[in-house]
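>>> Sequence first, predicted coordinates after that:
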Amino acid sequence: MAKKKNTSKHDIISLYMDYVLEHNEDPKSVYKFSKDNNFEEAHFYTNFASFEAVKTTIFTTFFENTLLLLHKSEDFETYDARNKLLSFYFTFFENLTANRSYVVYALHQNNKLEALKSLKGLRTHFKKFIHSLEIEKLDFKQERIEKIQNKAIEESAWAQLIFTLKFWIEDSSTSFEKTDIFIEKAVNASFDILNITPIKSVIDLGKFLFKEKVKTTV
């Protein structure tokens, strides 16, 4: 039988996901995986360096597909940061639900370090997405403090996503309704904590009182 010549990245991902779900383990080798699926081993290496790279790409693909769907909506661009993040969460978890068997397999491996490695690409993309939301922060007029604030927001957002993933995996409610409720409450709570309007008011009051004190002492 002639080998397939146009095996795409998407094809390899689909074949890999099917294999691990049927066998509950990685293929024995790239050579055997390619041979069993009737395509040249070279086609695999054109797209991926290893099965580890396939695992990482699967989760980044979930992320990329989510953003593609979101940007198809003209309304999305008009949303504020809070609603953009909520939209991301709901769409992202719809994508995960469509591939739940694989996600649960990938994240429930005995080796937790290996499971986290699968998420490293997603982590990078998600943190960039959080940065792009331009969440309002206190303006200290100092670049170093700005960087610390940005990193703190990105890392806390990533931690929240991981916690939501865990909640979703353990969710046994119909249509994962409890996860939807959790997402809304968690995202709203995180933005309420970040709400800097009251802090700004206190700072403005402090500045006013300081100026008035200076005036009366001059």
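Now that the structure is in, tell me what you want to look at. Numbers count the residues shown, from 1 in each chain.

>>> Can you give me the buried ones in the helix ranked longest in the chain?
For the chain, the longest helix by residue count, based on DSSP state H, is helix 143-170. Neighbour-count burial for helix 143-170, with 16 or more other C-beta atoms under 10 Å as criterion, is recorded at 149, 153-154, 157-158, 160-162, 164-165, 168. Yep, even glycine has a C-beta here, placed from its N, CA and C like the rest.

>>> so after whichever strand or helix holds Asp11, what's the next helix or strand?
Under DSSP states H and E, the secondary-structure element containing Asp11 is helix 9-23. Downstream of helix 9-23, the first helix or strand assigned by DSSP H and E is helix 30-36.

>>> average pLDDT across that following helix?
Confidence over helix 30-36 (mean pLDDT, whole number) is 95.

>>> How about it, which residues are buried there?
Along helix 30-36, the positions that meet the burial threshold by neighbour count (16+ other C-beta under 10 Å) are 30, 33-34.

>>> who's in contact with that helix?
For helix 30-36, contacts defined as C-beta atoms under 8 Å, 6 or more residues apart in numbering pick out 15-16, 19, 27, 40-41, 43-45, 50-51.

>>> what separates it from the chain centre, distance-wise?
Taking C-alpha atoms, centre = their mean, to the nearest Å, one finds helix 30-36 lying 31 Å from the centre of the chain it belongs to.

>>> May I see the buried residues of the helix or strand following it?
For helix 30-36, the succeeding helix or strand toward the C-terminus, using DSSP H and E, is helix 41-47. Neighbour counts using 16+ other C-beta under 10 Å place 43-44, 47 of helix 41-47 among the buried residues.
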